[in-house]
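Enquirer: sharing a model that was predicted from the sequence below.
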Amino acid sequence: MNILKFKTNVFKTTLLRLGIVLFLMSITRIVFYLFNSENFSNVGIWDFTLGVYFDLVTICLVFLPFIVGSFIPGSQIFIKWKEIVLKVYFHAMNSIVIALNLMDVEYFKYTYKRSTKDLFTILGAGEDFKQLLSTFVYQFWYLIILFIAFVTLSIWLYNKIDKLEKVQSTNWKKQSLNFLFVPLTIVLARGGFQLKPVSPIDAAKFGNPENTALVLNTTFTMIKSFGKNSLEMKSYFSEERAYQLFNPIKHSNPSNLLEDKPNVMIIILESFGNEFCNKKNNEITYTPFFDSIVNQSLSFEYGIANGKKSIEAVPAIIASLPSLMDNPYISSSYSDNKINSLAHILKNNGYYSAFFHGATNGSMRFDAFSAQMGFDDYFGRSEYDNDDHFDGTWGISDEYFNPWTALKISTFKTPFFATLFTISSHHPYYIPETFENQVKEGPHPICASLNYADYSLRKFFEAAKLQPWYENTLFVLVADHTPATNDPVYAKKKQIYRIPIAFYHPKNSLPKKREKMIFQQIDIMPTILDFLNINTKFYAFGQSYFDNKERFAVNYLEGVYYYFFNEFLVTFVDDQKPTMINFNSDESGSYAVPLTIENHIKAIIQRYNNDLIRNRTSVK
């Protein structure tokens with residue numbers, strides 16, 4: 001029977017209309033998978049079936065007003081106007097659902113998760129959204145074409161259903177049975193009759209954690225992230241036992257390797273992941289100057305980022321505070337907590353501090369957050385005050401901003417603590433026309449951009465070497481996060497956090513070696529304090545290089561905790577029994593998780609959640 005010729009009632013019409021949404025959500029999931037298939041492993045029919053479940057939950061959440069409105073009877077005139085309102089609501093909501101899912105087709109490559117409300121927080125800060133919009137439209141035009149095609153298809157199908165001959169009663173009693181569908185919709189919007197409504201973490205709970213982003217849809221993660229500003233108090237152990245297992249209250253241990261009170265310069269390098277830089281022997285690299293500095297430094301085989309976004313890197317590096325929650329710390333409801341940042345501690349020891357970021361002021365709220373962390377000054381695009389060097393998207397090109405930073409530092413009193421966050425190797429991978437024929441191309445568009453950023457880093461050091469402060473400065477070079485990739489190897493959870501981290505001192509006061517140990521971004525602050533020979537008590541989730549305790553690294557993504565130790569990666573989801581693999585092995589075999597490791601993970605989570613909730617993330 002031709003579905004477009006039979007008679008139907010309001011109930012069937014409503015289901016057909018909602019079927020359009022479900023159909024298009026499934027299509028956008030397939031598009032998402034085709035563009036990002038290398039990021040998922042052992043994909044099967046269960047992943048897509050579970051995806052349909054989350055789509056149905058999303059439809060019930062978004063289209064509940066549409067469902068209720070569809071069943072309200074009335075006069076012919078009322079029905080006519082009601083249908084117009086329902087049609088507008090349907091296409092508006094359906095277009096948003098399609099747009100969000102298509103947006104993550106490309107944005108996922110940079111975050112490795114479905115987007116949440118923090119995306120709007122990040123883009124809404126400063127001029128980032130306005131500056132990036134034209135670039136995204138230009139580069140991802142095919143997504144716009146898909147969006148238009150899907151919306152057009154949705155309108156066509158809706159109109160076809162509209163033309164069906166409907167059997168519709170104006171009697172409330174005869175229509176009352178249709179309203180039984182409303183409570184069923186509410187139940188499905190919760191995900192079932194369980195105690196708590198379904199959340200993104202259930203995708204990892206019921207499926208393969210590696211495929212969580214495939215199972216979810218962006219509309220669902222967006223909805224669930226709104227109003228979810230609070231962490232949950234944890235009580236795995238008594239408070240006393242939790243502190244025994246993991247205590248964030250630290251005391252520095254002077255290393256006496258450097259003279260007292262050397263200057264400190266942290267350079268946070270945008271997207272300098274291990275895939276394209278920090279290479280050994282004859283491996284292909286796009287950052288030869290950076291590699292030469294690393295070879296003269298104390299560096300680490302297993303450098304680990306504590307997030308997948310730039311906004312997550314700054315609190316980790318400067319305050320030893322990871323983002324073990326759905327929102328980055330800077331954009332969370334805890335961002336006004338009192339924290340012991342490196343800037344605060346060094347200020348108490350006679351240091352002047354400044355934060356440099358060539359982006360438009362307000363970008364990712366770094367200017368406000370640097371002030372909160374205790375930096376004396378912030379220098380961005382406004383302070384540079386020469387838009388002839390504006391890249392048209394993010395800010396002042398590194399080629400100009402980097403050496404300007406070195407010269408500006410020379411006006412500071414010593415000792416100083418400065419942080420430079422580079423921008424040019426960020427999407428859309430801007431390269432000046434004068435440099436386009438000089439860069440080294442590679443398998444991914446970022447390769448040429450990294451090569452340009454490496455040239456710009458060289459410009460910084462060339463300028464810095466001429467300054468009187470250079471010889472007595474401890475340099476820390478660290479990537480903010482790994483870049484997008486086309487290589488399935490670097491798309492796995494065991495690789496997406498691997499970055500270079502190096503400590504360099506021009507006087508060769510530090511050991512020149514590549515330690516085969518785990519060293520994460522949150523370890524930088526405790527290590528610097530030991531290098532500076534400062535005796536102080538502080539709050540930190542990381543541990544110093546000089547700490548003889550077992551090394552570890554911790555991350556969080558879409559409800560899943562990832563914990564690195566030795567050569568193993570432990571996955572911990574929703575208080576279930578953790579699983580473990582060897583992250584250096586090509587084999588997919590799993591291992592039993594030692595109880596000491598499971599307890600350590602739980603203690604970290606308990607301290608993180610409870611301390612942030614109680615605003616106890618500092619030492620008085």
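Expert: Arrived safely, thanks for sending.

Enquirer: list the buried residues of stretch 34-51.
Expert: Neighbour-count burial for stretch 34-51 flags 35, 36, 39, 40, 47, 48, 50, 51 (criterion: 16 or more other CB atoms under 10 Å). Every residue, glycine included, has its C-beta placed from N, CA and C.

Enquirer: could you dump these to TSV with pLDDT and distance to residue 66?
Expert: Shown next, in TSV, are the buried residues of stretch 34-51 (pLDDT from 0 to 100; distance: CB to CB, whole Å):
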residue	pLDDT	distance to residue 66
35	92	30
36	91	30
39	81	33
40	86	32
47	91	28
48	94	25
50	92	25
51	93	22
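
Enquirer: greatest separation within these: which pair is it?
Expert: The span of those, defined through CB to CB, is set by 35 and 50 at 19.8 Å.

Enquirer: in the stretch 401-550 of the chain, which spans are helices?
Expert: 446-464, 524-531 (DSSP state H, counting those that start in this stretch).

Enquirer: deepest of those, which one?
Expert: Ranked by mean neighbour count, the helices of the stretch 401-550 of the chain are led by helix 524-531 with a mean of 24 (mean count of other CB atoms under 10 Å).

Enquirer: that one - what's its average pLDDT?
Expert: Regarding helix 524-531, the rounded mean pLDDT is 97.

Enquirer: who are the packing partners of it?
Expert: Applying 3 or more CB pairs under 8 Å, 6 or more residues apart in numbering; DSSP states H and E, we find helix 524-531 packed against helix 310-319, helix 342-347, strand 473-479, strand 501-504, strand 537-539.

Enquirer: and which of the buried residues of stretch 34-51 is nearest residue 590?
Expert: Nearest to residue 590 among the buried residues of stretch 34-51: residue 40, at 18.0 Å, using CB to CB.

Enquirer: against residue 492, how distant is that closest one?
Expert: Applying CB to CB, to the nearest Å, the value for residue 40 to residue 492 is 10 Å.

Enquirer: ok, residue 617 next?
Expert: Note on residue 617: its distance to residue 492, by CB to CB, is 32 Å.

Enquirer: more neighbours, those two?
Expert: The neighbour comparison of residue 617 against residue 492 (other CB atoms under 10 Å) goes to residue 617, with 22 against 19.

Enquirer: so the more buried one is in contact with residue 337, correct?
Expert: Yes - with contact defined as CB atoms under 8 Å, residue 617 counts as touching residue 337 (5.2 Å).

Enquirer: and the helices and strands packed on helix 524-531, which is most packed in?
Expert: Across the helices and strands packed on helix 524-531, averaging neighbours per residue (mean count of other CB under 10 Å) puts helix 310-319 on top, at a mean of 27.

Enquirer: that helix versus helix 524-531: what angle between them?
Expert: Counting by axes from the mean of the first three to the mean of the last three CA atoms, to 10 degrees, helix 310-319 lies at 20 degrees to helix 524-531.

Enquirer: for helix 310-319, give me every contacting residue.
Expert: Applying CB atoms under 8 Å, 6 or more residues apart in numbering, the contact partners of helix 310-319 are 118, 122, 266, 268, 270, 305-307, 321-323, 328-331, 339-343, 364-366, 369-370, 373, 419, 421, 426, 478, 480-481, 520-522, 524-525, 540.

Enquirer: can I get the buried part of those as one PyMOL selection?
Expert: In PyMOL, this line selects whichever of the contacts of helix 310-319 come out buried by 16+ other CB under 10 Å:
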select buried, resi 118+122+266+268+270+305+306+307+321+322+323+328+329+330+331+339+340+341+342+343+364+365+366+369+370+373+419+421+426+478+480+481+520+521+522+524+525+540
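
Enquirer: from the contacts of helix 310-319, which land in strands?
Expert: In strands, judged by DSSP state E, the following of the contacts of helix 310-319 are found: 266, 268, 419, 421, 478, 520.

Enquirer: all strands for the stretch 201-350 of the chain, in order.
Expert: 249-251, 263-269, 298-304 (DSSP state E, counting those that start in this stretch).

Enquirer: meant to ask about the stretch 1-150 of the chain
Expert: Along the stretch 1-150 of the chain, counting by DSSP E, counting those that start in this stretch, strands occupy 8-9.

Enquirer: where in it is pLDDT low?
Expert: Under the criterion pLDDT under 70, the flagged ranges of the stretch 1-150 of the chain are 1-8, 118, 120-135.

Enquirer: residue ranges of the helices in it, please?
Expert: 10-36, 45-62, 64-70, 76-111, 118-124, 128-139, 141-162.

Enquirer: can you list the ones you listed in TSV and add distance to residue 289?
Expert: Shown next, in TSV, are these (distance: least, CB to CB, whole Å):
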stretch	distance to residue 289
helix 10-36	32
helix 45-62	43
helix 64-70	57
helix 76-111	25
helix 118-124	30
helix 128-139	27
helix 141-162	35
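
Enquirer: closest one to residue 557 among these?
Expert: Nearest of the helices of the stretch 1-150 of the chain to residue 557, taken as CB to CB: helix 76-111 at 8.6 Å.

Enquirer: and that closest one, how far out from the chain's middle?
Expert: 26 Å (CA atoms, centre = their mean, to the nearest Å).

Enquirer: what residues does stretch 187-205 touch?
Expert: Counting by CB under 8 Å, 6+ apart, 50, 53-54, 56-57, 60-61, 64, 114, 212, 215-216, 220-221, 224, 326, 558-560, 573-574, 576 sit against stretch 187-205.

Enquirer: kindly export that stretch (C-alpha atoms) in CSV.
Expert: Below are the C-alpha coordinates for stretch 187-205, written out as CSV (Å, rounded to 0.1, in the frame of the first residue of the first chain):
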residue,chain,number,x,y,z
VAL,A,187,8.8,8.2,30.2
LEU,A,188,10.9,7.8,27.0
ALA,A,189,12.3,11.3,27.4
ARG,A,190,13.7,10.1,30.7
GLY,A,191,15.1,7.0,29.0
GLY,A,192,12.8,4.6,30.9
PHE,A,193,11.5,4.0,34.4
GLN,A,194,15.0,4.0,36.1
LEU,A,195,15.7,6.3,39.1
LYS,A,196,17.7,8.8,37.2
PRO,A,197,17.1,10.1,33.6
VAL,A,198,19.4,8.7,30.9
SER,A,199,22.6,10.8,30.4
PRO,A,200,25.5,10.7,28.0
ILE,A,201,27.5,8.5,30.4
ASP,A,202,25.0,5.7,29.7
ALA,A,203,26.4,5.4,26.1
ALA,A,204,29.7,4.3,27.6
LYS,A,205,27.9,2.2,30.2
